[in-house]
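In: Predicted model follows, preceded by the sequence.
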Amino acid sequence: MSTSNDKRIHPRLIHRAPVLVVIPDSGKTERLQMQDFSSGGVFINCLNDTLPQIGDEIQIQTLEIEDAPVLDVKVVRVIPQKGFAVEFM
């Protein structure tokens, strides 16, 4: 029996890659680093104070693949000075 507080239902894969984060409400874009992903979402490293808030709907796009799709995601967790987790919508 696990004593972890981990509530994930999808296994995550560590994969560091550059991503473009778009905040549609403000039009702001920022190039950040993906830490890991699963079929349910992504964790994005962000060390600055401009973290989105839980519940914000934003967009992400991997920069590893030319013409990668822009994905709509929802912020589900924020860790100050570390980053934020999003789930695919």
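Out: Right, received. Where do you want to start?
In: For residue 58, the count of nearby residues, please.
Out: 21 (other C-beta atoms under 10 Å). Heads up, the C-betas are built off the backbone N, CA and C, glycines and all.
In: quick one, what contacts it?
Out: 21, 22, 23, 24, 52, 72, 73, 74, 75, 86 (C-beta atoms under 8 Å, 6 or more residues apart in numbering).
In: ok, the fifth one touching residue 78?
Out: Yes. Using C-beta atoms under 8 Å, residue 52 is in contact with residue 78, at 7.3 Å.
In: which stretches of the chain aren't confidently modelled?
Out: For the chain, applying pLDDT under 70 flags the ranges 1-8.
In: so where do the strands sit in this protein?
Out: Remark: strands assigned in the chain by DSSP state E are 13-23, 28-37, 41-45, 57-62, 71-79, 83-88.
In: Give me whichever of the ones you listed is most buried.
Out: Stretch with highest mean neighbour count among the strands of the chain: strand 41-45 (a mean of 21; mean count of other C-beta atoms under 10 Å).
In: partners of that one, with directions?
Out: strand 28-37 (antiparallel), strand 83-88 (antiparallel) (DSSP bridges).
In: Residue 60 is nearest to which of those strands?
Out: Closest of those to residue 60 is strand 83-88, at 6.8 Å (criterion: C-beta to C-beta).
In: ok, residues contacting that closest one?
Out: 32, 35, 40-47, 51-52, 58, 60, 71-78.
In: let's see 10 Å
Out: 8, 10, 12, 21, 32-47, 51-54, 56-60, 71-79 (C-beta atoms under 10 Å, 6 or more residues apart in numbering).
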